[in-house]
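In: Coordinates for the following, if possible.
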Amino acid sequence: MIKPSTIFPTDTPWDPEPLPLFLVFLRALGVLVVLLMAHALNSLRLFMSAEWGWQWRRKVFQMWARETASVLGMRVKVRGPLPEAPYLIASNHLSYVDIIAIATQLDGVFVAKNEVLGWPLLGTIIKGFDALFVDREDPRDLIRVNREMSRVLGDGKGIVFFPEGTSTAGRDVLPFQPPLFHSAAAAGHPVHYLTIFYKTPRSAPPASRSVCWWGDMEFVPHLKELLGIRTFTCSLAFGSGPVVALKRKDLAGSVWRAVREQFVPVS
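Out: Numbering: from 1, shown residues only. The predicted structure follows:
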């Protein structure tokens, strides 16, 4: 069973009228169809050169994200300038749909925890879109991923990562963990930042429970509740400019404060 880390206690129970079950089923089917179509299209990269393959992957990745957001009823609002590749961007982390929301705007490489590789179907497909997987408990693996991040930036591509290390209910931003800032600090590479938060209509369950995925929530029941919401809003607030520091702890702390300053609690 897929579970996130435990951060906050359970929210107050909420039991509004959900979408009819057949519409939930149709949405789930739509999400699956878009996912499989994107995987099939992305597989065509095997017959392309590295350069053309990357351009093809970018288009397919954003197509997948935008079509999936549409099926889910997710409206994405954007504030602030989007960085241009090669970029390294750090974001707070609230849900598995964070990647979908961000990918509607950015087509970079995402850094994900190793557990994602074990997710049925999704793990294989996410890997196919060049995600970097990291075991945050293994110092040697953190060194490896920092090298991979340097390589991706050197190739002129963008990277998105979630330095909180877990997803939360959106009441606050957890302190950013320094290890994945190592390569940026060592090279003096600027780090952009992004703050993400969600809002549901008054008639729907609170976003902290129905969109954010945290604590001991199980994946399938949470996904079913998410699919039952008619619409919800994701706000992406991009920072006005990047942060630079030559020590990873200083860099992590400065980026965390910048993200937290523009953070709006999910309620």
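
In: which strands and helices sit next to the helix or strand of the chain with the lowest mean pLDDT?
Out: Using mean pLDDT, DSSP states H and E, the weakest-scoring helix or strand in the chain turns out to be helix 122-128, at a mean of 82. If contacts are counted by 3 or more Cβ pairs under 8 Å, 6 or more residues apart in numbering; DSSP states H and E, helix 122-128 sits against helix 21-42. (Each C-beta comes from the backbone N, C-alpha and C, glycine too.)

In: Distance from stretch 187-195 to the middle of the chain?
Out: Relative to the chain's own centre, stretch 187-195 is displaced by 16 Å; criterion: Cα atoms, centre = their mean, to the nearest Å.

In: That should have said stretch 180-191, apologies.
Out: 20 Å.

In: That stretch - what's its average pLDDT?
Out: Mean pLDDT, stretch 180-191: 95.

In: With stretch 228-239 instead?
Out: Mean predicted confidence for stretch 228-239 is 96.

In: and if you look at stretch 36-47?
Out: 95.

In: Kindly export that stretch (C-alpha atoms) in CSV.
Out: This file holds the C-alpha atoms of stretch 36-47, laid out as CSV (Å, rounded to 0.1, in the frame of the first residue of the first chain):
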residue,chain,number,x,y,z
LEU,A,36,-1.2,5.2,-21.3
MET,A,37,-1.3,7.4,-24.4
ALA,A,38,1.5,9.6,-23.1
HIS,A,39,3.6,6.5,-22.2
ALA,A,40,3.0,5.2,-25.8
LEU,A,41,3.9,8.5,-27.4
ASN,A,42,7.0,8.9,-25.2
SER,A,43,8.2,5.4,-26.2
LEU,A,44,8.7,6.8,-29.7
ARG,A,45,11.8,8.5,-28.4
LEU,A,46,13.6,5.2,-28.9
PHE,A,47,13.6,5.8,-32.6
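
In: Kindly export the least confident helix or strand of the chain (C-alpha atoms) in PDB.
Out: Output of helix 122-128 as PDB, limited to C-alpha atoms (Å, rounded to 0.1, in the frame of the first residue of the first chain):
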ATOM      1  CA  LEU A 122       3.000   5.000 -12.500                       C
ATOM      2  CA  GLY A 123       6.600   4.200 -11.400                       C
ATOM      3  CA  THR A 124       7.600   2.800 -14.800                       C
ATOM      4  CA  ILE A 125       5.900   5.700 -16.700                       C
ATOM      5  CA  ILE A 126       7.500   8.400 -14.500                       C
ATOM      6  CA  LYS A 127      10.900   6.800 -15.000                       C
ATOM      7  CA  GLY A 128      10.300   7.000 -18.700                       C
END
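
In: How about residues contacting it?
Out: Contact with helix 122-128 is made by 35, 38, 39, 42, 43, 110, 112, 116, 117, 119, 133, as judged by Cβ atoms under 8 Å, 6 or more residues apart in numbering.

In: in that helix, what counts as buried?
Out: Going by neighbour count (16 or more other Cβ atoms under 10 Å), the buried part of helix 122-128 is 122, 123, 125, 126, 128.

In: now it, how far from the centre of its chain.
Out: Relative to its chain's centre, helix 122-128 lies at 14 Å (Cα atoms, centre = their mean).

In: And for stretch 186-201?
Out: The chain centre lies 10 Å from the centre of stretch 186-201; the measure is Cα atoms, centre = their mean.

In: Same question for stretch 55-65.
Out: Worked out by Cα atoms, centre = their mean, stretch 55-65 lies 15 Å from the chain centre.

In: Residue 164: neighbour count?
Out: Counted with other Cβ atoms under 10 Å, residues neighbouring residue 164 total 21.

In: Would you agree it is in contact with residue 173?
Out: Yes. Counting by Cβ atoms under 8 Å, residue 164 does reach residue 173; the two are 6.9 Å apart.
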